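Undergrad: Sequence first, then the predicted structure:
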Amino acid sequence: MENVLTNQLILFAVVAAGLALGFAIHRLMSAGSGSKNKFADTLPRLTDSFGFVSSAVAILLALLLSISVTTFQNTQASVNDFNSSAISAYHGAEVYPDEYQSSIRNDIICVVEVVYSEDVNSQHQDHAGHVEVGGDVSASNQLESSDAVGATQANLWLTQLNYDLNDLPTDTGPRMATYSRLLGDSLNLGVSRHKMLSYSTQTLPVIVWAVIYILIFIMAILLSLLLADKRRFAVLSTVLSYFTLAGMLFGLSVLQSPLNDEGLGGVVDTQTMSNLVTDITETYPDEVIPQCPILEPGVQFDWD
């Protein structure tokens, strides 16, 4: 939300400054020519200049919006792929004995909860890696003394899942086939999470925002020069132009960070992920969601 408000305030300041400068130039040029009509007759063809600049602004913003919409769609697809892989792996563990099945399912539940808390809903973190999963709020002092600081729990739980997959028995045909599928699901979980993070953290470079505001500033100056003698029409045109630009910049500000825009809660539908643990544990044997501990790098956790 902070980025959205900042961009809107900058837009307002740029438009106001451009209009003020344009009207000031108009008054100076009119006074120098001795006649508003004479000044109007001797002005360059500002209509052509205004058309060129406004077209450049429109094309630039439309292109950036198109790219941002693609980023949003890719992020949403990654969330859906993550959910599908988690459900597939969770139910795929059914062919194994209870002790193996329980470990795999617990790992998957913790992967989903930690990814949602640590990556998607990161504004609820109190400390780097301090996440709230399975109803268990880990103590900050425990985490501060842990080597897990800096190594995200999402990565460690994906590694833990791979540890437990390597222990699965493959003594029958169905188990062998399911083992291959589970490995694919585990890989897809990691790939989908990586895509979610890479898409959702893409932001426009400062130079791009600078170009946008410079063009808008020039457009505001040209607009005020063109309409300085037509106050009502100038006010109407300015209001319509401003709200058009404000709407486009609002969409651009939100869509460039579709997952982690804290103030707006993001525009990607992550509710399916937050409900995923509830959905996949409806058939959980013990009907208990496990408490997910803080993992240490390089250490395999034993659920027993």
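TA: Ah, there it is. Numbers count the residues shown, from 1 in each chain.
Undergrad: all helices for this structure, in order.
TA: Taking DSSP state H as the criterion, the chain carries its helices at 2-33, 36-42, 46-92, 98-115, 140-144, 153-166, 173-200, 206-227, 231-255, 271-274, 276-280.
Undergrad: quick one, which of those is nearest to residue 296?
TA: helix 153-166 (7.7 Å; CB to CB). All C-beta spots, glycine's among them, are computed from the backbone N, C-alpha and C.
Undergrad: quick one: contacts of the closest one?
TA: Residues from elsewhere that reach helix 153-166, judged by CB atoms under 8 Å, 6 or more residues apart in numbering: 89, 100, 103-104, 107-108, 110-111, 114-115, 118-119, 129, 131, 148, 179, 182-183, 186, 189-190, 193, 292, 294-297, 300-301.
Undergrad: could you redo the helices of the chain as a markdown table and give each row mean neighbour count and mean pLDDT?
TA: Output for the helices of the chain, formatted as a markdown table (neighbours: other CB atoms under 10 Å; pLDDT from 0 to 100):
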| stretch | mean neighbour count | mean pLDDT |
| --- | --- | --- |
| helix 2-33 | 15 | 82 |
| helix 36-42 | 13 | 53 |
| helix 46-92 | 17 | 86 |
| helix 98-115 | 22 | 88 |
| helix 140-144 | 12 | 35 |
| helix 153-166 | 20 | 90 |
| helix 173-200 | 17 | 88 |
| helix 206-227 | 18 | 87 |
| helix 231-255 | 15 | 83 |
| helix 271-274 | 15 | 70 |
| helix 276-280 | 17 | 71 |
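Undergrad: Please give me every residue in contact with residue 182.
TA: 89, 92, 93, 104, 165, 168.
Undergrad: 6 Å instead?
TA: By CB atoms under 6 Å, 6 or more residues apart in numbering, residue 182 lies in contact with 89, 92, 165.
Undergrad: do the same with residue 49
TA: residue 222.
Undergrad: so how far is residue 97 from it?
TA: Remark: distance between residue 49 and residue 97 (CB to CB, to the nearest Å) = 77 Å.
Undergrad: Residue 115 too?
TA: 27 Å.
Undergrad: try residue 172
TA: Counting by CB to CB, the gap from residue 172 to residue 97 is 11 Å.
Undergrad: try residue 66
TA: Residue 66 is 52 Å from residue 97, by CB to CB.
Undergrad: All set, thanks.
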